[in-house]
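> Everything below, folded, please.
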Amino acid sequence: MAILKISRMGHPVLWQIAAPVAGPDAPDIQRLIADMKDTLADAEGVGLAAPQVYVSRAVMMFFVPPSRIETGGDGDGVPLTVLINPEVEPIGDEIVDGWEGCLSIPGLQGRVPRWAHIRYRGLDENGRPIERQASGFHARVVQHEYDHLMGVLYTERMQDMTQFGFNEELARQEAVRLK
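Have a look, this model is predicted:
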């Protein structure tokens, strides 16, 4: 397949609401999914949404590596999951702040408030229904990618812009703090 170019903050495709997918088995959607998998692997990210590759369609994918699982979480991680026409809803009222980066905002990260526990549903790449509950990093990555389908970047959810910066600077600050 192909490695696609990733859209960056400032491109209008990232602020559009993605159009629903009528048929997950359509050749253009299957090609998009295959190309997105290649692109995600090449970019070494944990999630990708179609608008990030200049396609305003409701397709996203993510995985959670075991290293990102909190104690009592999803055990061995979450395998690569494709979600078509997803829906996300909070479970409870708990909001947690966490650091996020984005392939469309390279080299930067910020602290973003997200629902601690969610339920999501949609179709997999074969058109089969998926419904899961998630918490921790799993919930965060799903909400982040879902936001891309809604035309929202994580920077728009941030409440404190002093908690936003270049990866290298933030790492230096953390190293100084830990001394």
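> so where's this protein shaky on pLDDT?
69-75 (pLDDT under 70).
> Give me the helices and strands touching the longest strand belonging to it, please.
Criterion DSSP state E: the longest strand present in the chain is strand 78-90. When contacts are defined as 3 or more C-beta pairs under 8 Å, 6 or more residues apart in numbering; DSSP states H and E, strand 78-90 sits against helix 27-43, strand 59-64, strand 117-123, strand 129-135, helix 136-149. Heads up, the C-betas are built off the backbone N, CA and C, glycines and all.
> Distance to E87 and mean neighbour count for these - can I get that in a markdown table?
Shown next, in a markdown table, are the helices and strands packed on strand 78-90 (distance: least, C-beta to C-beta, whole Å; neighbours: other C-beta atoms under 10 Å):
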| stretch | distance to E87 | mean neighbour count |
| --- | --- | --- |
| helix 27-43 | 18 | 16 |
| strand 59-64 | 12 | 24 |
| strand 117-123 | 5 | 18 |
| strand 129-135 | 9 | 14 |
| helix 136-149 | 8 | 24 |
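> Which one of the ones you listed lies nearest to P51?
helix 136-149 (5.2 Å; C-beta to C-beta).
> quick one, which of the helices and strands packed on strand 78-90 is nearest to V78?
strand 59-64 (3.9 Å).
> that older thread, Throw the helices and strands packed on strand 78-90 into TSV and include distance to E100, thanks.
Conversion of those to TSV gives the following (distance: least, C-beta to C-beta, whole Å):
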stretch	distance to E100
helix 27-43	15
strand 59-64	13
strand 117-123	15
strand 129-135	15
helix 136-149	6
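> Mind checking those for the one nearest to K179?
Of the helices and strands packed on strand 78-90, nearest to K179 by C-beta to C-beta is helix 136-149, at 27.0 Å.
> how much distance is there from the following helix or strand past the closest one to the middle of the chain?
Following helix 136-149 in sequence order, the next helix or strand is strand 164-166 (DSSP states H and E). Distance of strand 164-166 from the chain centroid (C-alpha atoms, centre = their mean, to the nearest Å) equals 18 Å.
> buried set for strand 164-166?
Within strand 164-166, the residues scored as buried using 16 or more other C-beta atoms under 10 Å are F164, G165.
> Next: stretch 81-92.
Neighbour-count burial for stretch 81-92 [16+ other C-beta under 10 Å]: T81, V82, L83, I84, N85, P86, V88.
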